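Visitor: Next one to model:
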Amino acid sequence: MGVRSLASYAYSILVRNIHYFEPRFLPFGLAAVLGFPCFYLVWHYIFPQAYESLSLRLIGSAIFIPIIFARRWPARLQRFLPAYWYLAILYALPFFFTFMLLKNAGSSTWVLSALSAVFLMVLLLDWLNLFIQFFLGVGLAWLAYCMTTTAPSIGFLTLEHVPIFLFIVVLGALANYNSQVVKHERMRAMLIAASTVAHELRTPLLGIKAGAAGLKRHLPALLDAYRQASQAKLQVPPIRGAYLDSMAGVLERIESEVDCSNTAIDILLMNTRTFNINEIELSACSIRSCVEAALRRYPFSSERERAQVAWEGGDEFTFWGNELLTVHVLFNLLKNAVYHVAKAGKGQICIRLSRDHDHGHLIFRDTGPGIPPHVLSHIFTRFYSWSGAHNNGSRAGIGLAYCRSVMQAFGGTITCKSVAGEYSEFVLTFPVVNG
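Guide: Numbers count the residues shown, from 1 in each chain. Sure, this is the predicted structure:
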């Protein structure tokens, strides 16, 4: 694997994993913004160290101010959030703490501080990015130290420091690697289980649909023959007229239910699939066509359920993406909204479009039970399911994580705002194809 391929792979892991930490951007950003200058006071005035730099600490604070407001970044900048987060961590942990360790000639205070930084890196980064950031940050810090020091020296470092730092980095990388393997294996097991269930269900469903289609083809002749026999006073068992009239409709419902079941299986398989941007075939897609296809194909359980969804139209736009994946994103939003509206016993679902010069927006709103504030920040985290916790764990918590992955692959975003007891509103933002 070349350097470029390794960097691309590391960045793809970072993009996939960043949404697990994103709900904690605000407290982490606040801690960094306040911590940098506060510790300047500690190490400069209370427990004076050989070297301190207010300017470096203010740079650290300034870097993390945008992290605090990550949720308010414009849609066109959201795709740069993983890279910005990566660089912020690179500066704040391996670079800053190593540079200060070198400038303070390896004092015990800064050895302990550097160890704390490594522990934080273990918590924040996957195994591959942990290695990359550690060696890159240390290398940049050494370069900056040599450029700002008259007679640079690492004579203060003893052999006892090296195995301690290496032990923490290697052990942390192994721990993170194992967690990645567990996560991957969990997804793989879900995909295998879903594929097995799909295979076991599709075969009898296909047989049921074929049988219903055959009966539907011959049933009119059989019903006509029965009516003629009844009128001729032949010995035939009596069947009420209402039952005769409903038989053709029953077969149509059987075919419809089979199609709905197959669509539900497709949703399950698509949600458990893992993919990256290089695997997706992108093309210019009409958002109106995607919405209408989703509403036409979604397996509503009844006409009453279908009537709860209002498609209001709006400003049509074309985006660079994939129609099938977009339809499945809408399937997930419909599935969640229909479930929660039915559970609450109230509410409607509304879908509308809007656009500005560079971006198109699909607004998906339901007036059901809403989402509690303590849940809202976690809804896009894979395997997190608030509804599952209240439904014997039957909901896997993968649908909205799938939606976010798809939107990120398109270069877009999905956000949610909600008021408990009133509404939930998802906004899907797409880069539009102009011209």
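
Visitor: hey, let's count contacts and neighbours off CA atoms from now on
Guide: OK.

Visitor: what's downstream of the least confident helix or strand in the chain by mean pLDDT, the next helix or strand?
Guide: Least confident helix or strand of the chain, by mean pLDDT, DSSP states H and E, is helix 386-389 with a mean of 48. Helices and strands here follow DSSP states H and E; after helix 386-389, the next one along the chain is helix 399-409.

Visitor: for that next one, the distance to its chain's centre please.
Guide: 4 Å (CA atoms, centre = their mean, to the nearest Å).

Visitor: okay, it in PDB with CA atoms only?
Guide: What follows is helix 399-409, C-alpha atoms only, in PDB (Å, rounded to 0.1, in the frame of the first residue of the first chain):
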ATOM      1  CA  GLY A 399     -31.000   3.500   9.700                       C
ATOM      2  CA  LEU A 400     -30.000   7.100  10.500                       C
ATOM      3  CA  ALA A 401     -26.300   6.200  10.500                       C
ATOM      4  CA  TYR A 402     -26.800   4.800   7.000                       C
ATOM      5  CA  CYS A 403     -28.500   8.100   6.000                       C
ATOM      6  CA  ARG A 404     -25.600  10.200   7.200                       C
ATOM      7  CA  SER A 405     -23.100   7.900   5.400                       C
ATOM      8  CA  VAL A 406     -25.000   8.300   2.100                       C
ATOM      9  CA  MET A 407     -25.300  12.100   2.400                       C
ATOM     10  CA  GLN A 408     -21.600  12.400   3.200                       C
ATOM     11  CA  ALA A 409     -20.800  10.300   0.200                       C
END
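
Visitor: What helices and strands are in contact with that helix?
Guide: Judged by 3 or more CA pairs under 8 Å, 6 or more residues apart in numbering; DSSP states H and E, helix 399-409 is in contact with helix 323-344, strand 413-419, strand 423-431.

Visitor: Which residue ranges make up the domains of the protein?
Guide: Using automatic domain parsing, the domain parsing of the chain gives 3-157, 188-272, 278-431.

Visitor: just the helices in the stretch 151-300 of the chain please.
Guide: 161-231, 241-272, 287-297 (DSSP state H, counting those that start in this stretch).

Visitor: Please enumerate residues in contact with the host helix or strand of Ile59?
Guide: Per DSSP H and E, Ile59 falls inside helix 54-68. Outside helix 54-68, the residues that touch it by CA atoms under 8 Å, 6 or more residues apart in numbering are 25-30, 32-37, 40, 85, 88, 91-92.

Visitor: Please pick the buried ones from the residues you listed.
Guide: 25-26, 29, 32-33, 36-37, 40, 85, 88, 91-92 (16 or more other CA atoms under 10 Å).

Visitor: That'll do, ta.
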